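A.B. asks: Attaching a predicted model along with its sequence, questions to come.
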Amino acid sequence: MVRQHNQNLHIMTVKTVLLGIALIAGAFAHAQDNGYRFEAGLGGGASFYMGDANRRLYSNSNGAAALMLRYNVNPRFSTRATLSAAGLSGDSRNAFGQLPLDEQTRFSRSIYELSVQAEWGFLAYSPFFSDEDRLAPYGLAGIGAAFMPEPATNDWALCLPIGLGIRYRLAPRVTLGLEWSMRFTGSDRLDVTDNMTPGLEDPMSIKGKGIKNKDSYSLTMLYLSFDVFEKPCNCNDEHRR
């Protein structure tokens, strides 16, 4: 039954991500011509988990890394695909309240995420290296699929990234960014590993299905991206017009 449930969840999360990619592709058709089609970049930073074994921001932090591909639809709106890898760990002594029978436990595992996100700028962001519109804060929201390999079992989860960031045009075709986000998931198994006593999958026997009873994790990333895939210039055609 557990294996069948994981397979069904896997299929659902993959379909959801594919739908998000299709929506991004649709946005490309209405994109503004800024000279370059995409930004490709990489980032590094910190991750932390929130759940039954942690209630404190940045407690039990681990390393995180990401690859990203962004499309700037216009100066205020972008779409992005991101592949992330991070460590998750927790210690029930950092959670508010006690586990049953005053037992304590800890865990550590890795998580891999593929997500698609929309970014909306609070200020316009210029695609060109100029004195104007080089610094732009933005908000982000998206959807993705997270995979957590063994120990215990291979688990999949639907995740919803929500966060804030800021980016700065550092040089022609080069952007420096800083971003913080929470990844809310539909799973209570981010903290499940092998041979745990007590277990952290619903340790209080709370049968609710809301987001309050699910695990989440956060990524804080510093990234560097580069403009790539310059659009072809139909200079002769434009000259004829």
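C.D. replies: Nice, thanks for sending it over.
A.B. asks: bridging residues for the spatially closest residue to Asn62 that is not a sequence neighbour?
C.D. replies: Beyond its immediate neighbours in the sequence, the residue positioned closest to Asn62 (Cβ to Cβ, 6 or more residues apart in numbering) is Gly87, lying 3.0 Å away. (Glycine included, C-beta is placed from N, CA and C.) In this structure, Gly87 has the following beta-bridge partners (DSSP bridges): Ser110.
A.B. asks: What is the neighbour count of Gly87?
C.D. replies: Burial of Gly87, expressed as a neighbour count using other Cβ atoms under 10 Å, amounts to 18.
A.B. asks: Same question for the one 4 residues further on.
C.D. replies: A count of neighbours around Asp91, defined by other Cβ under 10 Å, yields 15.
A.B. asks: For the nearest residue in space to it that is not next to it in sequence, report the pLDDT, please.
C.D. replies: Closest residue to Asp91 apart from its sequence neighbours, by Cβ to Cβ, 6+ apart: Arg106 at 4.3 Å. What the model reports as pLDDT for Arg106 is 80.
A.B. asks: I'd guessed Arg106 sits against Ser59; true?
C.D. replies: No: using Cβ atoms under 8 Å as the test, Arg106 is too far from Ser59 to be in contact (11.6 Å).
A.B. asks: joint contacts of those two?
C.D. replies: Listed contacts common to Arg106 and Ser59 are 90-91; contacts here mean Cβ atoms under 8 Å, 6 or more residues apart in numbering.
A.B. asks: so what strands line up beside the helix or strand hosting Gly177?
C.D. replies: With the criterion set as DSSP states H and E, the secondary-structure element containing Gly177 is strand 174-185. Paired neighbours of strand 174-185 in the sheet (DSSP bridges): strand 155-171 (antiparallel), strand 216-230 (antiparallel).
A.B. asks: what's the distance between Glu158 and Ser126?
C.D. replies: Actually, residue 158 is Leu rather than Glu. Taking Cβ to Cβ, to the nearest Å as the measure, Leu158 falls 35 Å from Ser126.
A.B. asks: For burial, what's the neighbour tally of Arg80?
C.D. replies: If you count neighbours by other Cβ under 10 Å, Arg80 ends up with 21.
A.B. asks: That one is in what secondary structure piece?
C.D. replies: Secondary-structure assignment from DSSP H and E places Arg80 in strand 77-91.
A.B. asks: residue contacts, the residue nearest to Asn62?
C.D. replies: Each residue near Gly87 by Cβ under 8 Å, 6+ apart is listed here: 47, 62-64, 108-111.
A.B. asks: Please consider this matter closed, and thank you.
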